[in-house]
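Chemist: After the sequence you'll find the predicted model.
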Amino acid sequence: MTNDLIVRNATWLDVHAGEYREGTLEIREGRFVDLEAGTGPAPGDAPELDARGGFVLPGLIDCHVHVTAHTAALDRLGSESPNYVALQSARLMGDMLDRGFTTVRDVAGADFGLHDAQREGLLRGPRLFFGGKALSQTGGHGDARGRGESHVRNDPTCANIGRVADGVAAVREAARDELRKGAHHIKIMAGGGVASPTDRVDSTQYSLEEIRAVVEEAEAASRYVSAHAYTARSINRALASGVRGIEHGNLLDDTSIPLFLEHDAYLTMNLVTYVYLQKEGREFGLSQENWEKVDAVLTGGMAALEKAYRGGVNLCYGSDLLGGMQRHQLREFEVRADIVPVIDTIRSATSTAARLLQREGELGVIAPGAMGDLVVLDGDPLERVSAISEGRPRSVVQGGRVVAGR
């Protein structure tokens with residue numbers, strides 16, 4: 001298959017300027033090479049896509065997914081066949097691509113096998129940035145054991161989303177091991193969570209020395225650390241220790257904003273997951289006990305989003321949906337719309353996301369030299385958010401190939 005493509009009659013979004021431009025887009029060998037205001041290359045020079053009447057955006061990036069989480073009962077994954085989980089992941093990733101997400105960042109669960117399969121064309125799905133297994137202290141958010149279970153399931157062949165490591169030496173070894181396997185970042189559990197059996201949402205996890213050790217190992221490999229954290233206390237200690245990305249952040253306060261700015265850190269919120277965990281979580285395997293934790297983080301999330309946006313924090317798009325709830329992946333656009341202008345949420349899913357992924361100028365933009373990823377919508381999302389949050393794009397192009405739609 002060719003990865004050359006001519007997109008004619010394109011009304012395309014310049015995400016930096018926040019304005020639409022018109023013309024013909026040319027993609028060669030998978031990358032944009034020309035943004036032509038005129039007629040563009042001659043017919044027959046390459047396959048063509050007619051975008052007339054549509055609105056063209058860069059390929060979308062979801063910075064917080066779990067492609068192996070085909071169920072909300074995450075503790076079950078470690079006892080399932082890795083082959084079964086991989087096939088479930090392939091289905092979920094294909095659905096993500098159909099929604100217009102040409103790149104995703106998996107923040108616990110995916111590994112080099114899924115990454116390589118997608119890159120080699122064995123698996124249809126978004127370009128995959130992965131962190132391997134998240135690092136958790138004993139009893140932390142990545143420890144799937146119930147109170148009566150003593151055996152730690154750290155077998156690398158299991159499909160757990162996390163691995164337990166305690167102490168500076170152990171977390172260094174665990175971080176080095178995930179980096180050895182090709183991780184693009186390291187994820188740590190720096191505070192309590194909703195979908196874990198034995199911790200409180202308001203707990204802090206890992207000592208400062210342990211966090212700094214992981215940061216040091218990631219930086220040595222030219223990678224970065226992202227931390228699961230809800231409360232201001234857990235967020236602030238992670239940022240002060242050199243963590244570059246915060247996942248969730250629903251309970252941050254005014255003390256957190258200066259730290260984000262000082263460290264040029266990134267916040268990936270995913271409010272849509274709490275909306276649908278509350279509505280559908282128990283149907284897809286979330287326990288009653290964990291379901292009852294949802295309200296505490298949902299109610300604070302909108303206020304935290306407003307603080308972060310008004311404070312100028314680098315905001316990235318995330319969904320964090322589990323199991324069958326992943327079908328709501330695009331709904332984060334409408335969840336944020338009451339607080340954040342749609343153009344800025346689009347930036348969070350394109351250009352800002354690319355900076356977090358250390359791929360600025362390569363992903364998340366329509367520009368010469370960038371990957372030839374784009375989505376064609378039937379309506380203008382800047383005028384009506386439902387044009388992007390509801391349904392699926394008219395066409396999805398990844399690396400110069402039409403991979404979904406028409």
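Modeler: Alright, I've got the coordinates.
Chemist: Run through the stretch 151-300 of the chain and note the low-pLDDT ranges.
Modeler: Applying pLDDT under 70 to the stretch 151-300 of the chain picks out residues 151-157, 195-196, 284, 286-287, 290-293.
Chemist: And the helices in it?
Modeler: 168-180, 208-220, 232-240, 256-262, 271-280, 288-291, 294-310 (DSSP state H, counting those that start in this stretch).
Chemist: Can you lay out these as TSV showing distance to Leu377?
Modeler: (Glycine included, C-beta is placed from N, CA and C.) Below are the helices of the stretch 151-300 of the chain laid out as TSV (distance: least, CB to CB, whole Å):
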stretch	distance to Leu377
helix 168-180	37
helix 208-220	36
helix 232-240	34
helix 256-262	31
helix 271-280	19
helix 288-291	34
helix 294-310	23
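Chemist: quick one, which of these is nearest to Cys63?
Modeler: Evaluated with CB to CB, the helices of the stretch 151-300 of the chain place helix 271-280 nearest to Cys63, the distance being 13.0 Å.
Chemist: any idea of the angle the closest one forms with helix 294-310?
Modeler: Interaxial angle, helix 271-280 versus helix 294-310 (axes from the mean of the first three to the mean of the last three CA atoms, to 10 degrees): 160 degrees.
Chemist: Give me the buried positions along helix 271-280.
Modeler: Of all the residues in helix 271-280, those buried under the rule 16 or more other CB atoms under 10 Å are 271-277, 280.
Chemist: export it as PDB, just CAs?
Modeler: Provided in PDB are the C-alpha atoms of helix 271-280 (Å, rounded to 0.1, in the frame of the first residue of the first chain):
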ATOM      1  CA  LEU A 271     -13.100  13.600  33.500                       C
ATOM      2  CA  VAL A 272     -15.100  11.500  31.100                       C
ATOM      3  CA  THR A 273     -14.100   8.300  32.800                       C
ATOM      4  CA  TYR A 274     -15.700   9.300  36.100                       C
ATOM      5  CA  VAL A 275     -18.900  10.300  34.300                       C
ATOM      6  CA  TYR A 276     -19.200   6.900  32.800                       C
ATOM      7  CA  LEU A 277     -17.800   4.900  35.800                       C
ATOM      8  CA  GLN A 278     -20.700   6.500  37.700                       C
ATOM      9  CA  LYS A 279     -23.200   5.600  35.000                       C
ATOM     10  CA  GLU A 280     -21.900   2.200  33.800                       C
END
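Chemist: Which elements pack onto that helix?
Modeler: helix 294-310, helix 332-336 (3 or more CB pairs under 8 Å, 6 or more residues apart in numbering; DSSP states H and E).
Chemist: Phe101: which of the ones you listed is closest?
Modeler: For Phe101, the closest of the helices and strands packed on helix 271-280 is helix 332-336, at 11.2 Å, according to CB to CB.
Chemist: so what does the helix or strand just after the closest one touch, helix or strand wise?
Modeler: Per DSSP states H and E, the first helix or strand lying C-terminal to helix 332-336 is helix 342-348. Counting contacts by 3+ CB pairs under 8 Å, 6+ apart, helix 342-348 packs against strand 314-317, helix 332-336.
Chemist: Pull the distance from the shortest one to the chain's centre.
Modeler: In terms of CA atoms, centre = their mean, to the nearest Å, the centre of strand 314-317 is found 10 Å from the chain centre.
Chemist: So what touches that strand?
Modeler: Around strand 314-317, the neighbours that count as contacts under CB atoms under 8 Å, 6 or more residues apart in numbering are 60-64, 245, 260, 264-269, 305, 308-309, 332, 340, 344-345, 348-349, 352-353, 355-356.
Chemist: Nearest spatial neighbour of Gly100, chain-adjacent residues omitted?
Modeler: Nearest residue to Gly100 in three dimensions, chain neighbours excluded: Val375, at 3.9 Å (CB to CB, 6 or more residues apart in numbering).
Chemist: Secondary structure element for that neighbour, which one?
Modeler: Going by DSSP H and E, Val375 is in strand 374-377.
Chemist: Return the list of strands paired to that strand, each annotated with direction.
Modeler: strand 55-58 (antiparallel), strand 395-398 (antiparallel) (DSSP bridges).
Chemist: Name all residues that make contact with Gly30.
Modeler: 3, 371-372, 399-400.
Chemist: what's the most distant pair in those?
Modeler: Among those, the pair separated by the greatest distance (CB to CB) is Asn3 and Met371, at 10.1 Å.
Chemist: which residues sit in contact with the nearest residue to Arg347 once chain neighbours are set aside?
Modeler: Closest residue to Arg347 apart from its sequence neighbours, by CB to CB, 6+ apart: Val15 at 5.5 Å. Val15 sits next to 57-58, 343, 346-347, 350-351, 364-366 when contact means CB under 8 Å, 6+ apart.
Chemist: Redo those as CSV? Include distance to Thr255, neighbour count and pLDDT.
Modeler: Below are the contacts of Val15 laid out as CSV (distance: CB to CB, whole Å; neighbours: other CB atoms under 10 Å; pLDDT from 0 to 100):
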residue, distance to Thr255, neighbour count, pLDDT
Leu57, 35, 24, 98
Pro58, 34, 31, 98
Ile343, 29, 15, 98
Ile346, 29, 25, 98
Arg347, 26, 24, 98
Thr350, 30, 25, 98
Ser351, 28, 19, 98
Gly364, 30, 31, 98
Val365, 33, 22, 98
Ile366, 38, 24, 98
